[in-house]
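Asks: My questions concern the predicted model and sequence given below.
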Amino acid sequence: MTTETTPPQGEKLQKILAGAGIGSRREMERWISEGRITVNGEKASLGDRATAEDRISVDGRPVKLDNYASKVRRVIAYNKPEGEICSRSDPDGRPTVFDRLPKLSGERWIAIGRLDLNTSGLLLFTTDGELASRLMHPSHEIEREYAVRVMGNVTEQKVKNLFEGVELEDGPARFTDIVDSGGAGINRWFHVCIMEGRNREVRRLWESQELTVSRLKRVRFANVIIPDHLRMGQWEELDKDAIDTLAAHVKLDPAPLPTVRKQARTTRTGLKGPRGKTAAQGKGKKRPSPHKKASPHKRNRFS
């Protein structure tokens, strides 16, 4: 006799909440474990599923799922200055990357990854928690490109070691591309690419070769390149093509999009940057060196 198994009803709770823009999947899993989420009045557990008909609440406040299926997907590019933290608030009163972002009603911005306190450059935010979760997950191998100024004697052997891979305290790591972007004396600029976002990974890779990173700036995340006109502390909303390409990297279908703001802005000062294109998209294009007198790129590939 064959026993039929009833398929599970609904989607995993953390996926629904992420899709509704409450937070990333990982963050929602933590909230479920902390007992902050209820379904139909009962405290939720990891592994629970729900449907649009269920009453889901976060910290006692109901979550609206009416527009879950047709939710607008928004993404903004932010040029993070050094000295800002990536948390929503800080007990020490330090500025955070969320301070300058445009205000939202009924949803919130979710950071796609993080940048260290002393790292500047491109940081993406989205209202789509599922998109954020997929882009941050190592299995999707999203490429990140950094401009890095290194102090010390960078030999060919050291570059080869970083390209082939070294052992860090949390496992093996490597750069997938290393481009010499020039420089003078003991300070040289490089553009490096990496496929994951472990804590201080770029700095630790160089430190493994007894070299010091004196400047670090992210210039690209997947297909999104930081626009030249986007000044420190300003944000700009991506256009539909850029967002759809970004979503395709992690096998998500296109989603509705609101009218794009085409000016770089900062909400803290109210200043508006020059008119220009929305955050650029590209496929592995290398950025020019931030060092004005740098020589043209020379590829140091060791394969």
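Replies: Good, I have the coordinates. Numbering: from 1, shown residues only.
Asks: quick one: the helices in the stretch 51-200 of the chain?
Replies: Chain-ordered helices for the stretch 51-200 of the chain, with DSSP state H, counting those that start in this stretch as the definition, fall at 129-136, 156-164.
Asks: next one: the longest one to chain centre, how far?
Replies: I take that to be helix 156-164. Chain-centre distance of helix 156-164: 27 Å, with Cα atoms, centre = their mean, to the nearest Å.
Asks: List the buried residues in it.
Replies: Using 16 or more other Cβ atoms under 10 Å as the test for burial, helix 156-164 gives K158, V159, N161, L162, F163. From N, CA and C alone the C-beta is placed, and that goes for glycine too.
Asks: Could you save those residues as a markdown table and add columns showing pLDDT?
Replies: Converted to a markdown table, those look like this (pLDDT from 0 to 100):
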| residue | pLDDT |
| --- | --- |
| K158 | 97 |
| V159 | 96 |
| N161 | 97 |
| L162 | 97 |
| F163 | 95 |
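Asks: I'd like those residues as TSV, with distance to L13 appended.
Replies: What follows is the buried residues of helix 156-164, written out as TSV (distance: Cβ to Cβ, whole Å):
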residue	distance to L13
K158	47
V159	46
N161	44
L162	41
F163	42
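Asks: Pick the one among the residues you listed closest to L115.
Replies: L162 (20.3 Å; Cβ to Cβ).
Asks: hang on, the earlier thing: weakest of the helices of the stretch 51-200 of the chain by average pLDDT?
Replies: Here the helices of the stretch 51-200 of the chain differ in mean pLDDT, and the lowest is helix 129-136 at a mean of 90.
Asks: Tell me which other helices or strands that one touches.
Replies: Packing partners of helix 129-136 (3 or more Cβ pairs under 8 Å, 6 or more residues apart in numbering; DSSP states H and E): helix 13-19, helix 25-33, strand 110-112, helix 240-249.
Asks: Could you pull out the buried residues of the longest one?
Replies: Buried residues in helix 240-249, defined by neighbour count with 16+ other Cβ under 10 Å: A242, I243, D244, T245, L246, A247, H249.
Asks: shouldn't the last one be in contact with A242?
Replies: No: at 11.2 Å, H249 does not count as touching A242 under the criterion of Cβ atoms under 8 Å.
Asks: what is in contact with the two at once?
Replies: N223 (Cβ atoms under 8 Å, 6 or more residues apart in numbering).
Asks: Make CSV from the helices of the stretch 51-200 of the chain and add distance to H191 to it.
Replies: Below are the helices of the stretch 51-200 of the chain laid out as CSV (distance: least, Cβ to Cβ, whole Å):
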stretch, distance to H191
helix 129-136, 21
helix 156-164, 12
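Asks: Go through these and name the closest to V224.
Replies: helix 129-136 (10.3 Å).
Asks: distance of the most centrally placed residue in the chain from E143?
Replies: Taking Cα atoms, centre = their mean, the centroid of the chain lies closest to I112, which sits 2.9 Å from it. Shown here: I112 relative to E143, a distance of 13 Å by Cβ to Cβ, to the nearest Å.
Asks: circling back: go ahead and confirm the residue nearest to the centre of the chain touches T126.
Replies: Yes: using Cβ under 8 Å, I112 makes contact with T126 at a distance of 6.1 Å.
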